[in-house]
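J.: I need the structure of the sequence given here:
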Amino acid sequence: MPIHATALIDPKAKLDSSVEIGPFAIIGPYVQIDSGTVIGPYASVIGHTTIGKNNRVFQHAVIGGPPQDKKYAGEPTALEIGHGNTFRESVTISTGTVQDKGITRVGNDNWLMAYSHVGHDCQVGNHTVLANSVALAGHVVLGDYVILGGLAAVHQFVRVGAYAMAGGGSIILQDVPPFVLCQGYPAVPRGLNIEGLKRRGLASHTVVQLKQAYKLLYRDGLSFEAAKQAIERLRAGADAESEPYIALLCSHLSEANRGIIR
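T.: Residues are numbered from 1 along each chain as shown. Prediction:
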């Protein structure tokens, strides 16, 4: 199925010769698609959208639609998608807005299940999983290896740190620090994402250090500022293998403009 006869492809679109396009799919004039990517039946790839290699877009997905923002007035904003991603049935991803950087980005090897939505100006890292009907509002940032359970929703401008996980149905209104497991409406911390860290191959002594950081942040009764300072001291004394992970946590906390879940 290289390109089905019923697919509607604008002649200005730039497609690698290996790209497969299914029946009744729509490809807009400003679209670029790299090698090995498959666009399923009835899917739409529109807008100023660039898609990398070996992605899979399933039926009825809309990739690169205009932002759901009342301020949007037709400006040529963009969507950039990396390599090896899977977008299941009816996934929607919007382009950016000029009120932000004008670009929505999705990295590599992400798995977006059916009916999930990535809003305008979102920045999605690598190896994330968005379960069915997850909704990201505009300007959301997801770090690498984030997992969001089905029907979870993330408020605009919220950042979910790397290796974090949210349970199904969670409503995330403030930043989720890296490595944290959260759940609820509103989402609250439920512990460290131990199983996720094991799956990523973190050394046991690194997990112990992260447990200490979690305790400082959530269980020792410290103010947010005092907890940040204590975690910085923990970082200063960490071994070379653990230090980058604690540094990731410190960096995230230092930029928590909306505050963090507590």
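J.: how about residue 208, phi and psi?
T.: Phi and psi for residue 208, reported as degrees, to the nearest 10, are phi -60, psi -40.
J.: ok, now which ones touch residue 36?
T.: Counting by Cβ atoms under 8 Å, 6 or more residues apart in numbering, residue 36 touches 16, 18-19, 53-55. In this view, the C-beta of every residue, glycine as well, is placed from N, C-alpha and C.
J.: assign a three-state SS to the closest residue to it other than its chain neighbours, would you?
T.: In space, and not counting its chain neighbours, residue 36 is closest to residue 54: 4.0 Å by Cβ to Cβ, 6 or more residues apart in numbering. Per DSSP: H, G, I helix; E, B strand; the rest coil, the secondary structure class of residue 54 is coil.
J.: show me where this structure has helices.
T.: Secondary structure of the chain by DSSP state H: the helices cover 194-199, 204-218, 224-236, 243-254.
J.: quick one: list the elements packing against the last one.
T.: Packing partners of helix 243-254 (3 or more Cβ pairs under 8 Å, 6 or more residues apart in numbering; DSSP states H and E): helix 204-218, helix 224-236.
J.: let me have those helices in a markdown table, extended by mean pLDDT and mean neighbour count.
T.: Converted to a markdown table, the helices and strands packed on helix 243-254 look like this (pLDDT from 0 to 100; neighbours: other Cβ atoms under 10 Å):
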| stretch | mean pLDDT | mean neighbour count |
| --- | --- | --- |
| helix 204-218 | 97 | 18 |
| helix 224-236 | 97 | 15 |
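J.: mind putting these into JSON lines with distance to residue 176?
T.: Listed next are the helices and strands packed on helix 243-254 as JSON lines, based on distance: least, Cβ to Cβ, whole Å:
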{"stretch": "helix 204-218", "distance to residue 176": "12"}
{"stretch": "helix 224-236", "distance to residue 176": "14"}
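J.: the ones you listed: which one's closest to residue 98?
T.: helix 224-236 (33.2 Å; Cβ to Cβ).
J.: contacting residues around that closest one?
T.: Here helix 224-236 makes contact (Cβ under 8 Å, 6+ apart) with 209, 212-213, 216-217, 220, 222, 243, 246-247, 249-250, 253-254, 259-260, 262.
J.: residue 88 is in contact with residue 55, isn't it?
T.: No - counting by Cβ atoms under 8 Å, residue 88 does not reach residue 55; the two are 11.9 Å apart.
J.: if you count what's nearby, which of these two comes out ahead?
T.: Legend: neighbour count by other Cβ atoms under 10 Å for residue 88 and residue 55, higher for residue 55 (25 against 20).
J.: next one: phi and psi at that one?
T.: Dihedral angles for residue 55 - degrees, to the nearest 10 - are phi -90, psi 160.
J.: which residues touch residue 190?
T.: Neighbouring residues of residue 190 by Cβ under 8 Å, 6+ apart: 167, 181-184.
J.: change it to 6 Å
T.: Contacts for residue 190 (Cβ atoms under 6 Å, 6 or more residues apart in numbering) come out as 181-183.
J.: what's the closest of these to residue 9?
T.: Checking those one by one against residue 9 (Cβ to Cβ), the nearest turns out to be residue 182, at 42.6 Å.
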